[in-house]
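Novice: Build me a model:
(one chain, ligands or ions: 2)
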Amino acid sequence: MARIILDTAMGTDRKPASWRAIRQEAAHSDDAGPAALPAAAEVSPLATAGLGSLKQFPVGTRNVPSPVLFADPYMPRVSVVIPALNEEKNLPAVLWAIPSWVHEVLLVDGRSIDRTVEVARRMRPDIRVIAQPGKGKGDALRAGFAAAKGDIIVMLDADGSTRPEEMPAFVGALLAGADYAKGSRFMQGGGTADMTLFRRVGHGMLVRLVKIAFGGNFSDLCYGYNAFWAHVLPRLGLDADGFEIETMMNVRALRARLKVVEVHSYEERRTFGEGRLRAIPDGLRVLRTIVKERLGLGSPVRVLGPVGPKSPGRARPRWLDDVGNLASRQASGE
Ligand SMILES: Nc1nc2c(ncn2[C@@H]2O[C@H](COP(=O)(O)OP(=O)(O)OP(=O)(O)O)[C@@H](O)[C@H]2O)c(=O)[nH]1
Ligand SMILES: [Mg+2]
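Specialist: Ligands and ions are numbered 1, 2, ... in the order given. So this is what the prediction gives:
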């Protein structure tokens, strides 16, 4: 089902590998943009602000054809949280590709010294910019999660490696009954252009370790594309600051006995600049997190936390009640 929703939303069956090329072409091109991009409703004012790499992207959101599901007024509200540290060049393509049915976008800025915040505000005037209180990706994500107002929270990277076009599959999995939808690059349909052999081997060992220590059957552990119902957040008691945050989320989701599903996802190489993840020190932080959680030294999780949507009444479509009332009226012969 997820695949069908995804294809409908993308309105295309373009191969994943070509997206990076499209983004780079758009960023470097001086003409009106590659034919593959929809015509801009309005050309970004950044074209005149000297930020050349942005001028091909329209301001605001991309009007993708959405499945009927997302036009439903009772659709839960979706917040997208994007941690960003010096991503001025990568951000436009990410913001541009966020589906128009997303309720709010939060950018958590790690005190960028480039024009990340300016670019975000110009590209998407409705964006909520949060200054992260501390340091690291984990700290940024936690600040974004705490500030999000939606019923569903989706986390995305700002470097162009996680594709907003896949979001319907994540949200669809939650609507279909999951508490937590985690992206996987290593299940059928997924993939990565951003992992060296060394990182793959290390990651494979960590995945195996989690399986032995906590059960579950994850195929991916350290990927930055996940979505969850906001009401499960307090059950995870997140407190990681760095790149080990995804591992902590995944392990705690298992410990809290959430209903977790994996959603296949394709990880692009970051479009511009260098990643900040360092395989050995960050791999060791992940390992330390797993060991700590196994020894019971991590924060407690709430196995029996509050259930139900964050804002009561929103996640349950009113038509369900209408159908129920009609059925009972018919049954009683009215
Ligand atoms: N706010 C904030 N964002 C961060 C911080 N560190 C990383 N990020 C963002 O987190 C996302 C992922 O970071 P990357 O450096 O690309 O790390 P990665 O994707 O795990 O590693 P690569 O595969 O090397 O790209 C990007 O959007 C970064 O801008 C931070 O300290 N603060
Ligand atoms: Mg990256």
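
Novice: So for Lys259, what's the nearest residue that isn't a sequence neighbour?
Specialist: Asp179 (4.6 Å; C-beta to C-beta, 6 or more residues apart in numbering). Every C-beta, even on glycine, is put in place using the N, C-alpha and C of the backbone.

Novice: Check what pLDDT that neighbour gets.
Specialist: Looking at Asp179, its pLDDT stands at 96.

Novice: And the strands in the chain, which stretches?
Specialist: Secondary structure of the chain (DSSP state E): strands at 78-84, 104-109, 128-131, 152-155, 180-184, 191-192, 226-229, 260-264, 266-267.

Novice: near ligand 2 at all, the last one?
Specialist: In this case it means strand 266-267. No: using C-beta under 5 Å from the ion, strand 266-267 stays clear of ligand 2, coming no nearer than 8.1 Å.

Novice: Give me the residues contacting that strand.
Specialist: 16, 161-163, 166, 185, 190-195, 223, 225 (C-beta atoms under 8 Å, 6 or more residues apart in numbering).

Novice: In ChimeraX, select just the buried ones from these.
Specialist: Those of those that count as buried under 16 or more other C-beta atoms under 10 Å are selected in ChimeraX with:
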select :16,161,162,163,166,185,190,191,192,194,195,223,225
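
Novice: And the contacts of strand 266-267, which two are furthest apart?
Specialist: In terms of C-beta to C-beta, the contacts of strand 266-267 reach their longest pairwise distance at Glu166 and Met195, which sit 17.5 Å apart.

Novice: Can you tell me how far Ile212 is from Phe228?
Specialist: 25 Å (C-beta to C-beta, to the nearest Å).

Novice: What is the neighbour count of Ile113?
Specialist: 9 (other C-beta atoms under 10 Å).

Novice: meant to ask about Gly273, not that
Specialist: For Gly273, using other C-beta under 10 Å, the count is 15.

Novice: about what we covered before: residues contacting the residue nearest to Lys259?
Specialist: 228-229, 232, 253, 258-260.

Novice: State the pLDDT value of the residue in the chain positioned nearest to ligand 1.
Specialist: The minimum distance from the chain to ligand 1, using C-beta to the nearest ligand atom, falls at Gly275 (2.0 Å). Gly275 carries a pLDDT value of 84.

Novice: what's the closest of the contacts of strand 266-267 to ligand 2?
Specialist: Ser161 (4.4 Å; C-beta to the ion).
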